[in-house]
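Visitor: Sequence plus the predicted model coming up.
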Amino acid sequence: MTARGQAPVAVLGGTFDPVHHGHLRPAIELLEGLGLSEIRLVPGRVPPHRPQPRCDAATRCRLLTEAVAATPGLVVDERELRRPGPSYTIDTLQSFRREHGPDRPLCFAMGSDAFRSLVRWHRWHELNEIAHLVVTTRGGDPGGPLPAELADWLAPRRAAHPHELRTAAAGRVWFHPVSRLEISATRVRQMLAQGRSARGLMPDTVWTLLSRAGLYGYPQQ
Ligand code: ATP
């Protein structure tokens, strides 16, 4: 079998500050729904498009590793942590492309909130030349029309069927419905800083680690 036609490799970037079920559940649904071989969860070291994370990369990565430990197919990928400078998605996707060759379908997954802001990303036009984009609807995202520039760009690229993610290595944009979980790391951090529990918003094993270490201002247990 040629690389084209194989199960796509998928990448989910983020700050994971901290990881929560709003990251994990969509990833599991993509894995199963699209028949992916794996999803690489790539924590950013220095996110270029947003305020800097509250916790250092090693701590965020430790929580993320704990979060995926029991889920085959979800894999933490530390390549952005090893790269100096801002963690640009274009560099990350180029690195995956080099690793998997020109023909292997590659998908970059993002929530609908992140997609809406795509036109502000570094070299955003090139992202879809390297990977398909897979957009999951984010709970709490108010929706509404896309910015005109993005809507125009999207129209000829929008996939009508997920099978299109396998017949080309890159170039399509697929909207994949997932369970809506209205959780954000911002909200989790606010709760923790107020000494309120975040149990249930993340795997119990992650909660145990986080609360015992007293991270994000939560009183150490
Ligand atoms: P913050 O609140 O600090 O901005 P976040 O909760 O949005 O953090 P990120 O690490 O920035 O988490 O998100 C990484 C990716 O996961 C993004 O593509 C984002 O859209 C997606 N994502 C985060 N939370 C959810 C959610 N509840 N449902 C669907 N997608 C989500």
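Guide: Arrived safely.
Visitor: For stretch 158-170, measure first residue to last.
Guide: Stretch 158-170 has an end-to-end distance of 12 Å (CA to CA, to the nearest Å).
Visitor: Let me see the mean pLDDT of that stretch.
Guide: Throughout stretch 158-170, pLDDT has a mean value of 96.
Visitor: How far off centre is that stretch?
Guide: Stretch 158-170 sits 19 Å away from the centroid of its parent chain (CA atoms, centre = their mean, to the nearest Å).
Visitor: Then stretch 19-32?
Guide: On CA atoms, centre = their mean, the centre of stretch 19-32 falls 9 Å from that of its chain.
Visitor: give me the number of residues near the residue lying closest to V68 once chain neighbours are set aside?
Guide: In space, V68 comes closest to L74 once its chain neighbours are excluded; the distance is 4.0 Å by CB to CB, 6 or more residues apart in numbering. For glycine as for every other residue, the C-beta is placed from the backbone atoms N, C-alpha and C. L74 is flanked by 20 other residues according to other CB atoms under 10 Å.
Visitor: next one: E99
Guide: For E99, the tally of surrounding residues (other CB under 10 Å) stands at 11.
Visitor: likewise G101?
Guide: G101 has 12 nearby residues by other CB under 10 Å.
Visitor: likewise Q190?
Guide: Neighbourhood size, Q190 [other CB under 10 Å]: 14.
Visitor: My reading is that it is in a helix; is that accurate?
Guide: Yes. Per DSSP: H, G, I helix; E, B strand; the rest coil, Q190 lies within a helix segment.
Visitor: need the contact list for S117.
Guide: H49 (CB atoms under 8 Å, 6 or more residues apart in numbering).
Visitor: Please report the distance of it from the ligand.
Guide: From S117 across to the ligand, the span is 9 Å (CB to the nearest ligand atom, to the nearest Å).
Visitor: Equivalent analysis for L209, please.
Guide: Applying CB to the nearest ligand atom to L209 and the ligand gives a distance of 18 Å.
Visitor: Which residue is the nearest non-sequential neighbour of that residue?
Guide: That would be E66: by CB to CB, 6+ apart, it lies 5.7 Å from L209.
Visitor: Spell out the secondary structure type for the one you found.
Guide: On the basis of three-state DSSP, E66 is classed as helix.
Visitor: Now do it, the pLDDT please.
Guide: Note on E66: pLDDT of 98.
Visitor: For the residue nearest to V68, list each beta-bridge partner.
Guide: L74 has the following beta-bridge partners by DSSP bridges: I39.
Visitor: which residues does it contact?
Guide: Residues near L74 by CB under 8 Å, 6+ apart: 24, 27-28, 31, 38-39, 41, 68.
Visitor: What ranges does this protein have for its helices?
Guide: 21-33, 57-68, 79-82, 89-100, 112-116, 124-130, 148-154, 164-167, 185-193, 204-213 (DSSP state H).
Visitor: Show me how far the fifth one is from its chain's centre.
Guide: Distance of helix 112-116 from the chain centroid (CA atoms, centre = their mean) equals 11 Å.
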